[in-house]
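K.L.:
model this:
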Amino acid sequence: MELDRFIFNRVYKKGFEALDGETGDVVFVRRVVRSILRQEAEEAEEAEEAEEAHLTHAEASRGATVLRSLPEHNNVISLVASGDVGPDFYWVVDFFDVDLCSLIYEPGGHHVNMPRIRFIMRALLLGVDHLHRHGVVHRDLKPMHVFVNRATAQVKIGGFERARRTAVPPAPLPEDGYSRRTSTWYRAPETLMSSTFDGPGMDIWALGCILAEMVLGRAMFMGNSELHQLYIIYRHLGIPKEEWPALLPDWHPRVPELNLMDLFPPEVLPLLLRMLSINPANRISARQCLHDPFFSP
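P.N.:
This next block holds a predicted model:
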């Protein structure tokens, strides 16, 4: 890949805003440095810095291959170019002026009202349905990977560095590192329990967490470790009364349960509970979510 076609304008924490000299479009260029060592990442002071540093050259290249193979979709980020430049790997994608995390936590209070929540969730579900229909699991959905264009009201899913095709078996956890590197707050219970299960249900869980965060103005499950994350999930959703699926260990902690009706409006709660089923086999699909009464007020 040649970087000469891009005119760099502004530096951000994770990359650069640039002008594509061939098309005239504004793009975002992300650099994945091959030389970052895992030990350096683990010593990083900020958790997000550690997470970004953990992204390897191989993962970035694999994620770009997955994204390039997908047909274009209005709610999925477009890959303009990607490839090696010297020792490092570069992604070039659509530029968006804000991510959903910034939108939720804008100074001055919670500004994501219910009509906007419906609009954003519909866009995300359409994008995820597109991924799943083409055999791709995102594996790292979170507000920082949802991009919004204020001027055009476009909403697109990004952050495909850890995406995988469902037909490809996941690498063993010690090598794949999913349990250590993906944001804990948006991870499904089966991945917190060191399962190798890597199905579409993990994306639906993450979308449920994003829906809850837009409604509450804060993350719903804010654990500081995998075990603490499970404790918080069970405190909100309760211990499953059904027979546990084989991929979950026989662990039944005693935790006090919260009343979700005190946290969420009645039009949101039924959909949320179907997306946040602890058993991944019981989670509804993205397409089923789109037919929920929540989107037909």
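K.L.:
pull the longest helix from this protein.
P.N.:
Ranked by residue count and defined by DSSP state H, the top helix of the chain is helix 114-133.
K.L.:
got the contact list for that helix?
P.N.:
Identification of contacts with helix 114-133 by Cβ atoms under 8 Å, 6 or more residues apart in numbering yields 70-71, 73-76, 100, 112, 137-138, 141, 146, 148, 153, 155-157, 163, 200, 203-204, 207, 210-211, 214-215, 265, 267, 285-287, 289-290, 294-295, 297. For glycine as for every other residue, the C-beta is placed from the backbone atoms N, C-alpha and C.
K.L.:
of those, which belong to strands?
P.N.:
Among these, the residues falling in strands (DSSP state E) are 137, 146, 148, 155, 156, 157.
K.L.:
skipping adjacent residues, who's closest to the second one in space?
P.N.:
Spelled out, it's residue 146. residue 100 (3.8 Å; Cβ to Cβ, 6 or more residues apart in numbering).
K.L.:
that neighbour contacts residue 148, doesn't it?
P.N.:
Yes. Taking contacts as Cβ atoms under 8 Å, residue 100 lies within contact range of residue 148: 6.2 Å.
K.L.:
in contact with the residue nearest to residue 146, which residues?
P.N.:
Counting by Cβ under 8 Å, 6+ apart, residue 100 has contacts 120, 143, 144, 146, 147, 148, 210, 214.
K.L.:
please repeat the previous calculation with a cut-off of 10 Å.
P.N.:
112, 120, 124, 142-148, 155, 210, 213-214 (Cβ atoms under 10 Å, 6 or more residues apart in numbering).
K.L.:
name the nearest of these relative to residue 226.
P.N.:
residue 142 (16.2 Å; Cβ to Cβ).
K.L.:
check that closest one and give its pLDDT.
P.N.:
Listed pLDDT for residue 142 reads 94.
K.L.:
dihedrals phi and psi, it?
P.N.:
Taking degrees, to the nearest 10, you get phi -170, psi 160 for the backbone angles of residue 142.
K.L.:
what about it, how many residues nearby?
P.N.:
Neighbourhood size, residue 142 [other Cβ atoms under 10 Å]: 21.
K.L.:
circling back to that earlier point, joint contacts of residue 100 and residue 148?
P.N.:
Residues touching both residue 100 and residue 148 by Cβ under 10 Å, 6+ apart: 120, 155.
K.L.:
from residue 15, how far off is residue 158?
P.N.:
Applying Cβ to Cβ, to the nearest Å, the value for residue 158 to residue 15 is 11 Å.
K.L.:
neighbour-wise, which of the two wins?
P.N.:
residue 158 (24 against 20).
K.L.:
what residues are up against the closest residue to that one other than its chain neighbours?
P.N.:
Leaving out its chain neighbours, the residue that sits closest to residue 158 by Cβ to Cβ, 6+ apart is residue 77, at 4.1 Å. By Cβ under 10 Å, 6+ apart, residue 77 lies in contact with 28, 67, 91, 93-96, 127, 145-147, 156-160.
K.L.:
if we can go back for a sec, output the longest helix of the chain as PDB, nothing but the C-alphas.
P.N.:
What follows is helix 114-133, C-alpha atoms only, in PDB (Å, rounded to 0.1, in the frame of the first residue of the first chain):
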ATOM      1  CA  MET A 114     -35.300   7.500  22.800                       C
ATOM      2  CA  PRO A 115     -35.900   8.400  19.100                       C
ATOM      3  CA  ARG A 116     -32.200   8.600  18.600                       C
ATOM      4  CA  ILE A 117     -31.600   5.400  20.500                       C
ATOM      5  CA  ARG A 118     -34.100   3.600  18.200                       C
ATOM      6  CA  PHE A 119     -32.400   5.100  15.100                       C
ATOM      7  CA  ILE A 120     -28.900   4.100  16.200                       C
ATOM      8  CA  MET A 121     -30.000   0.600  17.400                       C
ATOM      9  CA  ARG A 122     -31.800  -0.100  14.100                       C
ATOM     10  CA  ALA A 123     -28.600   0.900  12.200                       C
ATOM     11  CA  LEU A 124     -26.400  -1.300  14.400                       C
ATOM     12  CA  LEU A 125     -28.800  -4.300  14.100                       C
ATOM     13  CA  LEU A 126     -28.900  -3.900  10.300                       C
ATOM     14  CA  GLY A 127     -25.100  -3.800  10.200                       C
ATOM     15  CA  VAL A 128     -24.700  -6.900  12.500                       C
ATOM     16  CA  ASP A 129     -27.400  -8.800  10.500                       C
ATOM     17  CA  HIS A 130     -25.300  -8.100   7.400                       C
ATOM     18  CA  LEU A 131     -22.200  -9.500   9.100                       C
ATOM     19  CA  HIS A 132     -23.900 -12.600  10.400                       C
ATOM     20  CA  ARG A 133     -25.600 -13.400   7.100                       C
END
